[in-house]
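1. this one's structure only:
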């Protein structure tokens, strides 16, 4: 097995979607090796960037593929890429052991649609496999405590950077 420090980061996007009340969309993950308890199964939409794909366009695509959401307006982005390492004990289970973690470009968006647009059970109008089993609007300050601990620093930064939009 390749030493973790020699593995690359998977290029991804992350999205903070805020409603008009300033609450953030969070989804309850369907599963995965990193989700080991009932408290830390919530996360913001995120996903990989395809080769040659513009990060912002990847963000909009991932949002649609995970939530069915299209009615958004851009609010901001974090200038630099944020990275995290996955725990060594799940290294071989996540992404088939090809990556040490993710480097993410984060965007904040305002949801301008109706909640009925959101469909995590049949995202992309059923053309994409569901990644969330449930969703809710959550106060921004709660986000770092809902995510798996190894992503907490990223979520703290997202809350710090995008809090002005809430």
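-> Alright, I've got the coordinates. The structure presented is a predicted model; accordingly, all values stated were derived computationally and were not measured.
2. Can you find which helix in the chain contains the most residues?
-> Counting by DSSP state H, the longest helix found in the chain is helix 55-67.
3. Please name every helix or strand in contact with the helix or strand that it is followed by.
-> Per DSSP states H and E, helix 55-67 leads on to strand 72-77 as the next helix or strand towards the C-terminus. Applying 3 or more Cβ pairs under 8 Å, 6 or more residues apart in numbering; DSSP states H and E, one finds that strand 72-77 contacts helix 55-67, strand 101-111, helix 152-162. Placement of C-beta: from N, CA and C, glycine included.
4. Can you say which of those is nearest to residue 18?
-> Set against residue 18 and scored by Cβ to Cβ, the helices and strands packed on strand 72-77 come closest in strand 101-111, at 5.7 Å.
5. which residues are contacting the closest one?
-> Contacting residues not belonging to strand 101-111 are listed as 9-20, 25, 46, 49, 55-56, 59, 63, 69, 71-78, 81-86, 154, 158, 161-162, 165 [Cβ atoms under 8 Å, 6 or more residues apart in numbering].
6. That strand: what's the following helix or strand?
-> Criterion used, DSSP H and E; the element after strand 101-111 is strand 132-138.
7. Tell me who's in contact with residue 162.
-> Contact partners of residue 162, counting by Cβ under 8 Å, 6+ apart, are 16, 18, 75, 76, 78, 106, 108, 140.
8. Let's see that with 7 Å instead.
-> Residues near residue 162 by Cβ atoms under 7 Å, 6 or more residues apart in numbering: 16, 76, 108.
9. Kindly provide the distance from it to residue 109.
-> 10 Å (Cβ to Cβ, to the nearest Å).
10. ok, back up a step: out of the helices and strands packed on strand 72-77, which is the most enclosed?
-> The highest mean neighbour count among the helices and strands packed on strand 72-77, using mean count of other Cβ atoms under 10 Å, belongs to strand 101-111: a mean of 22.
11. Partner strands of that strand, with direction?
-> Under the criterion DSSP bridges, strand 101-111 sits next to strand 9-18 (parallel), strand 72-77 (antiparallel), strand 82-85 (antiparallel) in its sheet.
12. Residue 128 is nearest to which of those strands?
-> So among these, strand 9-18 is nearest, using Cβ to Cβ, at 15.3 Å.
13. helix or strand right after that closest one?
-> Counting by DSSP H and E, what follows strand 9-18 is strand 24-29.
14. I'd like the next helix or strand past that following strand.
-> Assigned by DSSP H and E, the successor of strand 24-29 is strand 42-43.
15. Burial-wise, tell me which of the strands paired with strand 101-111 comes out on top.
-> strand 9-18 (a mean of 22).
16. I'd like the mean pLDDT over that one, please.
-> When pLDDT is averaged over strand 9-18, the result is 96.
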